[in-house]
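In: pasted the sequence and its predicted model underneath.
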Amino acid sequence: DSGVTQTPKHLITATGQRVTLRCSPRSGDLSVYWYQQSLDQGLQFLIQYYNGEERAKGNILERFSAQQFPDLHSELNLSSLELGDSALYFCASSPGEGQLSSGANVLTFGAGSRLTVL
Amino acid sequence: DAKTTQPTSMDCAEGRAANLPCNHSTISGNEYVYWYRQIHSQGPQYIIHGLKNNETNEMASLIITEDRKSSTLILPHATLRDTAVYYCIVPPLYSGGGADGLTFGKGTHLIIQP
């Protein structure tokens, strides 16, 4: 158990639908990251939140959105789902230290949420 | 992130040391080298990181060349459970709190042979 909790573990839905993936970071971590991993692609960084605020954006589609709540858990919302959105979605957390600190990029990943769009 | 180059795949016999190379010739003075691995369909796992000196922890050793243009991750006694994709990452430096999202390339697929 990495300390990062993701729910649900598996999700099957239909095209056009909307789903919400949830992530609870490791205790004490302020930063939360979302990644997508499709079968034919590597890990794609989607978005990062730090202490409730958006910190960095990657290859996140406009149909996707995320937020980090005051208790630091995060949700990734995926809407108007397409077949190509089928993927593993990973959440990661980190303490959120400054970039020049050793260990600033030590991320702890959750077990992932497997989304299947039919 | 500073560009890194890794072999696509490598084999290693069980019980032997696995040495995974990484080139990062454009690394700047204060950028760290990080290694992660991903066992099939599991979340990536942090292994080790370093700046200039060699580092060792319970999982692996990291050897960084003096000019910092390349590094080698060493798994001293590889087991079948070490079969995974290993990623060498050099994140860029930004000011402010929190690290930006890491960029995972294609990594090295290490296969431990029984």
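Out: Good, I have the coordinates.
In: for the rest of this, base every contact and every neighbour count on C-alpha atoms.
Out: OK.
In: gap between the residue in chain A that chain B sits nearest to and residue A:116?
Out: Closest contact between chain A and chain B, by C-alpha to the nearest C-alpha, is at residue A:96 (3.8 Å). Separation of residue A:96 from residue A:116 (C-alpha to C-alpha, to the nearest Å): 32 Å.
In: more neighbours, those two?
Out: residue A:96 (25 against 19; other C-alpha atoms under 10 Å in any protein chain shown).
In: in this structure that one contacts residue A:26, no?
Out: No: judged on C-alpha atoms under 8 Å, residue A:96 makes no contact with residue A:26 at a distance of 11.6 Å.
In: which residues in chain B form strands?
Out: Secondary structure of chain B, counting by DSSP state E: strands at B:9-13, B:18-23, B:33-38, B:45-50, B:55-56, B:61-64, B:70-75, B:84-89, B:108-113.
In: deepest of the ones you listed, which one?
Out: Stretch with highest mean neighbour count among the strands of chain B: strand B:84-89 (a mean of 25; mean count of other C-alpha atoms under 10 Å in any protein chain shown).
In: in its sheet, what does it sit against?
Out: Strand pairing for strand B:84-89, using DSSP bridges, gives strand B:33-38 (antiparallel), strand B:108-113 (antiparallel).
In: stretch A:107-118 - what's its average pLDDT?
Out: Averaging pLDDT along stretch A:107-118 yields 96.
In: chain B contacts on chain A?
Out: Contacts of chain A with chain B, taken as C-alpha under 8 Å from any C-alpha of the partner chain, map to A:30-31, A:33, A:42-45, A:47-48, A:50, A:55-56, A:58, A:88, A:90, A:94-100, A:102-112.
In: in strands only, show me those.
Out: Filtering those for strands - DSSP E - leaves A:31, A:33, A:43-45, A:47-48, A:50, A:55-56, A:88, A:90, A:94, A:108-109.
In: which one of the residues you listed is nearest to residue B:6?
Out: residue A:43 (16.1 Å; C-alpha to C-alpha).
In: give the contact list for residue B:12.
Out: Residue B:12 is in contact with B:18, B:78, B:110-113, counting by C-alpha atoms under 8 Å, 6 or more residues apart in numbering or on different chains.
In: state the pair within these that is farthest apart.
Out: B:18 and B:113 (11.2 Å).
In: quick one on the thing from earlier: export the strands of chain B as a markdown table, with columns for mean pLDDT and distance to residue B:3.
Out: Listed next are the strands of chain B as a markdown table, based on pLDDT from 0 to 100; distance: least, C-alpha to C-alpha, whole Å:
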| stretch | mean pLDDT | distance to residue B:3 |
| --- | --- | --- |
| strand B:9-13 | 97 | 18 |
| strand B:18-23 | 98 | 8 |
| strand B:33-38 | 96 | 11 |
| strand B:45-50 | 96 | 16 |
| strand B:55-56 | 96 | 21 |
| strand B:61-64 | 97 | 16 |
| strand B:70-75 | 98 | 11 |
| strand B:84-89 | 96 | 8 |
| strand B:108-113 | 97 | 15 |
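In: with adjacent residues omitted, what lies nearest to the most centrally placed residue in chain A?
Out: In chain A, the centroid-proximal residue (C-alpha atoms, centre = their mean) is residue A:34; its distance is 2.5 Å. Distance criterion C-alpha to C-alpha, 6 or more residues apart in numbering or on different chains; nearest residue to residue A:34, sequence neighbours excluded, is residue A:91 at 4.6 Å.
In: now that neighbour: how far from residue B:22?
Out: Noted for residue A:91: a distance of 26 Å to residue B:22, by C-alpha to C-alpha.
In: before we move on, what about residue A:116?
Out: Using C-alpha to C-alpha, one gets 35 Å for the distance from residue A:116 to residue B:22.
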